[in-house]
Each structure stands twice: as C-alpha cells, then as structure tokens.
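Participant: Generate a structure from the sequence data that follows.
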Amino acid sequence: MSEHDIRVRFAPSPTGPLHIGGVRTALYNYLFARKNGGKFILRIEDTDQTRFVPGAEDYIIRAFDWCGIEFDEGVTKGGDYGPYKQSERKAMYKEYADRLMVSGHAYYAFDTAEELTELRKKFEAKKETFTYNAAERKRLKNSLALTEAETQKLLEANTPFVIRFKMPEDQTVRMDDLIRGTIEVQANVLDDKVLFKSDGMPTYHLANVVDDHLMKISHVIRGEEWLPSLPLHVLLYDAFGWETPQFAHLPLLLKPDGKGKLSKRDGDRLGFPVFPLQWTDPKTGETTRGYREDGYFPEAFINMLALLGWNPGDEREIFSLDEMSAAFSIERVGKSGSRFNPEKAKWFNHQYMLKKSNKELAGQFLPFIKKEGVIADIDYIEKVVGLVKERAHFVHELWDQADFFFKAPSEFDPKAVKKRWKQVSYDQMTELKTLLSGLDNFSSGNAESVVKKWIEEKEYSMGAVLNAFRLLIVGALKGPHLFDIIALIGQEETLRRIEIGLYELGRKE
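Facilitator: Sure thing, here's the model as predicted:
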C-alpha cells in the first residue's frame, strides 16, 4: 500500500458531548494522515437512534473547528465515499447482512428481550454468565435451532428478529495491532453479536465494518475500549472476503488519582473540564464546562492531548500541529494508560500564553477590562500584558495580576501593612515622593538608579523601602518589577498614589 492509499477516519456517535479522549483519538488519526500524506475522514455513526442526543452532532463539529483539526472528507466536507452519516446509508446495510446469511456466517434470532433476560437470571442464580454463543445457540429460538419451515413461518408472520453473527467453533482468532502486537482469542468464548436489528438499522459492528470497507479505510486507529470488538470485526472482514485494515488501539486516558478511565465525574470532583467546549444537556438543562470557556488556547489544549499517550522520542514538549504531524508515529504510542494531569494542562496554556504577542493578548484581555468598567488605550494594555503575562496561566487571570495598572488601590492588604509598613515608612515615603517629583527622566532604569542611590546614601534598608513603596503603588506585595510599574503608570499617577497611601496609612505610632 502506498502512502497515498492511507485513509483514516474518526467516527463518533452523537450521543452526547465529545470527551477529550475522543478528541485525542481524532488527533492521532489526523497526525497519522498528515505524516503519511493520507486522508482523514469524519463519519457520524448514528445507528443507535435510542441514544441519539439533539445537538450532539453540531457540538462535535464545532469542537473540531475550535481545536483546528481539519477533515479531508466527511459530513462537513463531502467527498466521493458519502453519505458520511450512517442514518443516510441505512438502505445498504440489509444487503450486507443478507450476504452473511447466504454464506452461512449469520442467522436469524427470534428470542425476545424478555426471554433473554429470564435466561440471564437463571444463569446468575447458578453464579454463571449467560453468553449467546456456540454452546447455547442451538438451544435457543433461532434459525440454527429451528427447521427451515419453522423459520420461514416466523418470518412470514412478521415475528421480530435480529440477525446475529455466527462465531466459528474451536477456532483461534489471530489479530495484529500496531501498538499491542499479535493478539489471539478463542472464538468459543465470544458471543454471537447482533448485526442487524428488527427496526431495519444495523448495529455498530456491521455498519462500522461495511463503512470502513466501502470508504477504503486503510488504518483503524481507535480507543482501547474497542479491543473486545476486534475479533468480531476481523472475522467479519474474513466472512465478506475483504482485505482487513491495520488496527491500532490507543491507551486509555486515566483519572488524575486512583484507578480507571477519566470521566466527567472526575472533572466535576477535581475542578477541571473533560469536554473541549461547554455542553448544555438538552434534557436536564445541566451545563458542563469546557476547555474553551475555561480560557484554554486551542493550540495548548491539542498540544497537551498529543503527549498523553505519545512521545516524540526527545525532550520536546511544545509542538505546533505541523510539528506534531512531522514527528508523529504510531510506533511511539504507548500501550499503558496515560494519567491526566490538570496542572500540566495549565502549564501548557501558560507556555502558549508566553509565545503569543502582547498585541494579540491585549485584544483578548480588552473585554475583561471593559467588564471592570475601565477604559484604556490598547497600546497601554499591550505594555501591561507584556509585564504580567508570565504570572498568569489564562487571559482571564490577567486582571488579578494587573488591576493596579488601571486603577489606584482602594485598600491596602492588611497582612502586608502589618509586615511592611514600619514606624519609619511614613517619613521615608514622604522623602521618596519629593525625590521622584524632581525627576525629569521617569523611565524605569533612571528611576531605579536614582532611588537605589538615595537609599544607599541614606543607609536605609533596601527591602524595607521598596516593599513600603510597592504597597503604596499596588496595594499589596505583588506585581512585576516595581520601577517598570511606575514608569508605565507615569510620574503624576505615581506621586498621586504615594500621597493617597500616606494619607490612608499615616504614621505608625
């Protein structure tokens, strides 16, 4: 197979919001396609109408738009192998189910849900598990156990039925996985899965295999949770006489603490999102947070996900999508689950924040400033952002780091006052006000040089003076380089704040 024959797909079901594990699966498919000059397809698998959730399909599409993951074909792009929504391909699946019936790889099963439930209860009473398999099927109500005449009579009477796959007996199913190597399973332990339902819709298994074949999918890269389905899918390819694609089952995303797969409950419990975008449940009205609404940059979100299960083989951690595509290989995807780390996710966002221009960040910060009722020049905001962005993980955190650039402190941190406003502070700050009022050059460098020289000449404590000075300017012991702050707010505003602070804090008796 040449590299131009490579075709991969992401095939979500619109049963709710897209979990970040699903986004990672799509990302790895995207990177694999880009690395190998192949095509990446988005197919919506909506055969299970009972679990369909309104708005979920639109959510999936919007999520990928935000992430910057582009498809070459699919529900958003069209293509030569459509329709790309299974419900619109409904008519074709019966033909393939019938093919399996004719070849003896499938059979009609007329057992009702109630009958099967009763059987399961009987097995449970014996502390056993009921499996619809080779050992049980000939004792049940299906075309393998019934005569041809009995089967025909049930069909003519429109008796509800399903079509089940006939698992081979006493056969070892051998499968190859690009991540996990060779896997072998005894067919006798596998159940005869339903392929086609009485409502005229295929199950996931039949539709998935048929669509992958018809869409010429060369590699199926999907989550580890689909490993139990692999034997059935391989046997279906064999039954149809089709070439089997190469499979790769990705490791799970694990919760930050304890054991098990990362879930929405973990996010709710520990305070982080597990969905790319905010989701509102159409039934309950419950809204669940998303990475976009929490302030993550899409590039940071994608970069973080890429390294949860894959490593480039070196120490690099920051990658653009193009750089990831160039470095990506399935061989460097691990077998074991990857533990999600919310703090590392924030670290990634911080790295991308530092990479962004002050102009871009200023534009994103502007709405937060307006929300505080402050009017400021965009050039001024750019300069502020340049001084404080190292101290924040998100744009929405900039206000807490920079509010004093836009308004004088209305109160002073009592802990800082108790610790840093000493008996001599009032007189020292009064002297400092006089010193600063006489400066013709109020640049950061000149002001710092003059003030520090004055402190040394007076033999004052450098720390005591500068901490008291910061308290008057900022209202707390926080912020970037003090002289960068006063240079930006300007000489007049600096003197005004010293005067207000002297009045508010007064002499300490």
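Participant: At which residues are the helices of the stretch 301-450 of the chain located?
Facilitator: Counting by DSSP state H, counting those that start in this stretch, the stretch 301-450 of the chain has helices at residues 321-327, 342-355, 358-371, 378-388, 398-402, 414-420, 425-437, 444-458.
Participant: Can you lay out those helices as JSON lines showing distance to residue 91?
Facilitator: Placement of C-beta: from N, CA and C, glycine included. Formatted as JSON lines, the helices of the stretch 301-450 of the chain follow (distance: least, C-beta to C-beta, whole Å):
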{"stretch": "helix 321-327", "distance to residue 91": "37"}
{"stretch": "helix 342-355", "distance to residue 91": "44"}
{"stretch": "helix 358-371", "distance to residue 91": "49"}
{"stretch": "helix 378-388", "distance to residue 91": "57"}
{"stretch": "helix 398-402", "distance to residue 91": "55"}
{"stretch": "helix 414-420", "distance to residue 91": "73"}
{"stretch": "helix 425-437", "distance to residue 91": "82"}
{"stretch": "helix 444-458", "distance to residue 91": "73"}
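Participant: of all the ones you listed, which lies closest to residue 21?
Facilitator: helix 342-355 (14.0 Å; C-beta to C-beta).
Participant: Give the buried residues for that closest one.
Facilitator: Counting neighbours by 16 or more other C-beta atoms under 10 Å, one finds that the buried residues in helix 342-355 are 345, 346, 348, 349, 350, 351, 352, 353.
Participant: for stretch 454-472, same thing?
Facilitator: Within stretch 454-472, the residues that count as buried by 16+ other C-beta under 10 Å are 454, 455, 460, 464, 465, 466, 467, 468, 469, 470, 471, 472.
Participant: Including distance to residue 150, secondary structure and pLDDT, could those residues go into JSON lines?
Facilitator: Output for those, formatted as JSON lines (distance: C-beta to C-beta, whole Å; DSSP: H, G, I helix; E, B strand; the rest coil; pLDDT from 0 to 100):
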{"residue": "454", "distance to residue 150": "106", "secondary structure": "helix", "pLDDT": "98"}
{"residue": "455", "distance to residue 150": "103", "secondary structure": "helix", "pLDDT": "98"}
{"residue": "460", "distance to residue 150": "104", "secondary structure": "coil", "pLDDT": "97"}
{"residue": "464", "distance to residue 150": "99", "secondary structure": "helix", "pLDDT": "96"}
{"residue": "465", "distance to residue 150": "100", "secondary structure": "helix", "pLDDT": "98"}
{"residue": "466", "distance to residue 150": "95", "secondary structure": "helix", "pLDDT": "98"}
{"residue": "467", "distance to residue 150": "93", "secondary structure": "helix", "pLDDT": "97"}
{"residue": "468", "distance to residue 150": "97", "secondary structure": "helix", "pLDDT": "97"}
{"residue": "469", "distance to residue 150": "96", "secondary structure": "helix", "pLDDT": "98"}
{"residue": "470", "distance to residue 150": "91", "secondary structure": "helix", "pLDDT": "98"}
{"residue": "471", "distance to residue 150": "92", "secondary structure": "helix", "pLDDT": "98"}
{"residue": "472", "distance to residue 150": "95", "secondary structure": "helix", "pLDDT": "98"}
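Participant: now, among the buried residues of helix 342-355, which is nearest to residue 292?
Facilitator: Closest approach between the buried residues of helix 342-355 and residue 292, by C-beta to C-beta: residue 349, at 11.6 Å.
Participant: Do you know the pLDDT at the closest one?
Facilitator: Looking at residue 349, its pLDDT is 98.
Participant: Where does the closest residue to it other than its chain neighbours fall, secondary structure wise?
Facilitator: Sequence neighbours aside, residue 300 is the residue nearest to residue 349 in space, at 4.3 Å (criterion: C-beta to C-beta, 6 or more residues apart in numbering). Residue 300 belongs to helix 298-306 when assigned by DSSP states H and E.
Participant: With residue 480 instead?
Facilitator: Residue 480 belongs to no helix or strand, assigned by DSSP H and E.
Participant: what residues are up against the residue nearest to residue 349?
Facilitator: Neighbour list for residue 300: 345, 348, 349, 351, 352 [criterion: C-beta atoms under 8 Å, 6 or more residues apart in numbering].
Participant: how near is the first one to residue 400?
Facilitator: Okay, so that is residue 345. 20 Å (C-beta to C-beta, to the nearest Å).
Participant: Likewise for the third one?
Facilitator: The spacing between residue 349 and residue 400, counted by C-beta to C-beta, is 16 Å.
Participant: go on, the second one?
Facilitator: To residue 400, residue 348 is 20 Å away according to C-beta to C-beta.
Participant: before we move on, back to that, and the helix holding residue 300, C-alpha only, in PDB?
Facilitator: C-alpha atoms of helix 298-306 as PDB (Å, rounded to 0.1, in the frame of the first residue of the first chain):
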ATOM      1  CA  PRO A 298      -6.900  25.500  21.300                       C
ATOM      2  CA  GLU A 299      -3.200  25.000  20.400                       C
ATOM      3  CA  ALA A 300      -2.300  24.400  24.100                       C
ATOM      4  CA  PHE A 301      -5.200  22.000  24.500                       C
ATOM      5  CA  ILE A 302      -4.200  20.000  21.500                       C
ATOM      6  CA  ASN A 303      -0.500  20.000  22.400                       C
ATOM      7  CA  MET A 304      -1.400  18.700  25.900                       C
ATOM      8  CA  LEU A 305      -3.500  15.900  24.500                       C
ATOM      9  CA  ALA A 306      -1.000  14.800  21.900                       C
END
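Participant: Could I get the average pLDDT for it?
Facilitator: Helix 298-306 comes out at a mean pLDDT of 98.
Participant: what does stretch 501-508 give?
Facilitator: 88.
Participant: same thing with stretch 34-41?
Facilitator: 97.
Participant: for that stretch, how far is the first residue from the last?
Facilitator: Here the two ends of stretch 34-41 are set 12 Å apart, with distance taken as C-alpha to C-alpha, to the nearest Å.
Participant: Same check on stretch 178-195?
Facilitator: Distance between the two ends of stretch 178-195: 26 Å, counting by C-alpha to C-alpha.
Participant: List the buried residues of it.
Facilitator: 178, 179, 180, 183, 185, 187, 190, 191, 192, 193, 194, 195.
Participant: show me what contacts the first one?
Facilitator: Counting by C-beta under 8 Å, 6+ apart, residue 178 touches 219, 246, 247, 248, 330, 331.
Participant: these two touch, right, residue 273 and residue 264?
Facilitator: No - using C-beta atoms under 8 Å, residue 273 is not in contact with residue 264, being 9.1 Å away.
Participant: Neighbour count for the two, which is higher?
Facilitator: Neighbour count, other C-beta atoms under 10 Å: between residue 273 and residue 264, residue 273 has more, with 23 against 15.
Participant: Roughly how far does the more buried one sit from residue 290?
Facilitator: The spacing between residue 273 and residue 290, counted by C-beta to C-beta, is 5 Å.
Participant: same deal with residue 349?
Facilitator: 14 Å.
Participant: Buried ones in stretch 378-385, by neighbour count?
Facilitator: For stretch 378-385, by 16+ other C-beta under 10 Å, it's 381, 382, 384, 385.
Participant: circling back: return the subset of the buried residues of stretch 178-195 lying in strands.
Facilitator: In strands, defined here by DSSP state E, the members of those are 183, 185, 194, 195.
Participant: Out of these, which two sit at the greatest distance?
Facilitator: Farthest apart among these by C-beta to C-beta are 183 and 194. That separation is 23.3 Å.
Participant: any low-confidence regions in the stretch 351-500 of the chain?
Facilitator: Low-confidence segments of the stretch 351-500 of the chain, defined by pLDDT under 70: none present.
Participant: Show me where the stretch 101-250 of the chain has its helices.
Facilitator: In the stretch 101-250 of the chain, the segments counted as helices under DSSP H, counting those that start in this stretch are 113-125, 148-156, 204-214, 230-240.
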